[in-house]
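Chemist: whatever this is, show me its structure:
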Amino acid sequence: MPDDSKTGVTVLGLGAMGTALAEAFLAGGHPTTVWNRSAGKAGGLAAKGAVVAGTPAEAIAANGVVVVCLFDARSVREVLETGAESLPGRVLVNLTNGTPGEARELAAWVAEHDVEFLDGGIMAVPPMIGSPAAFVLYSGSRTAFDTHKELFDSLGESLYYGTDPGLAALHDLALLSGMYGMFMGVIQAFALIGSEGSEARSFAPLLKRWITGMTGFIDGAAEQIDKRDYTIGVVSNLAMQAGAGDAFAKVGEEQAISAELLAPLRPLMLRRVADGHGHEDLTGIIELLKIKK
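Modeler: Reported below is the predicted structural model:
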């Protein structure tokens, strides 16, 4: 039985992530109402104690906190518009992946409906939800975050990034950028090793050891970037790294493995060297990523 002292919550959207969110709320003892466009997805949650609503308006009206986890910003807006009459007085938490601009636009729209708004970024895959490994970023209403933090902690560690509703999405996409950059390098490494018939599983421990050892780059890079001094603690300067970069294209040709995943990096390195910054660290290429408005 749900604990009557626990905050009730509604979850709109029952894809893999939305379902994981609802399961975590139920596991935390929170009365949970769910809605999904395809009602058949709610059966497993109903068996665990969730109330299944027939419409978005019914689902929103059921609880004071409404968590949205849908496909994109447009689907969020479409669903909320169909249940807009139930929105006043609610706390709306959008955990749909999106951009800072989309979060701010949604915040402006819900403000017209007397809603306290939080936007969030889920830093976990569905099986991690509710575990110590998961964390969720939030920005927007500080009052809503503080009041319902216990509820949010059912999903993972709750981290607040300020009243600007776009900041959680910005941090989310920045973290994902780092993740995908790592994934690209890992896939390229496995492709090269596999070109000679070696098993990825045999190479994986060595690759993991190397990448783990290189994580120290993050702290050093952060200091250089904050100070805009890319000469601090240089061990291998940009000119040397750019010169060695040709080997990645050549090994690709020799092993019949495309270098497309890494190809964008070297032109940036060469441009920075040509501009007179060859004595700096690799982090200096960040200056070439800044688009003038």
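Chemist: which element follows the top helix by length along the chain toward the C-terminus?
Modeler: Scanning the chain for the helix with the most residues, using DSSP state H, yields helix 167-194. Beyond helix 167-194 on the C-terminal side, the first helix or strand identified by DSSP states H and E is helix 200-214.
Chemist: between that next one and helix 167-194, how many degrees?
Modeler: Direction vectors for helix 200-214 and helix 167-194, defined by axes from the mean of the first three to the mean of the last three CA atoms, to 10 degrees, enclose an angle of 130 degrees.
Chemist: quick check: mean pLDDT of helix 200-214?
Modeler: With pLDDT averaged residue by residue, helix 200-214 scores 98.
Chemist: by contact count, what packs against it?
Modeler: Identification of packing neighbours for helix 200-214 by 3 or more CB pairs under 8 Å, 6 or more residues apart in numbering; DSSP states H and E yields helix 167-194. Backbone N, C-alpha and C define where each C-beta goes, glycine included.
Chemist: which positions in the helix it packs on come out as buried?
Modeler: Applying a neighbour-count criterion of 16 or more other CB atoms under 10 Å, the buried positions in helix 167-194 are 167-172, 186, 188-193.
Chemist: return the closest of those residues with respect to Ala221.
Modeler: Distance to Ala221, by CB to CB, is smallest for His171 among those, at 17.1 Å.
Chemist: wouldn't the closest one be in contact with Gly121 here?
Modeler: Yes: with contact taken as CB atoms under 8 Å, His171 and Gly121 are classed as touching, separated by 6.2 Å.
Chemist: shared neighbours of these two, anything?
Modeler: Leu137 (CB atoms under 8 Å, 6 or more residues apart in numbering).
Chemist: quickly note the distance from the nearest residue to His30 once chain neighbours are set aside to Phe135.
Modeler: Computed as CB to CB, 6 or more residues apart in numbering, the closest residue to His30 that is not its neighbour in sequence is Lys6, at 4.6 Å. The span separating Lys6 from Phe135 equals 21 Å under the rule CB to CB, to the nearest Å.
Chemist: circling back: kindly reformat the buried residues of helix 167-194 as TSV containing distance to Glu58.
Modeler: As requested, the buried residues of helix 167-194 are exported to TSV (distance: CB to CB, whole Å):
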residue	distance to Glu58
Leu167	32
Ala168	28
Ala169	28
Leu170	34
His171	33
Asp172	30
Val186	45
Gln188	49
Ala189	51
Phe190	49
Ala191	50
Leu192	55
Ile193	54
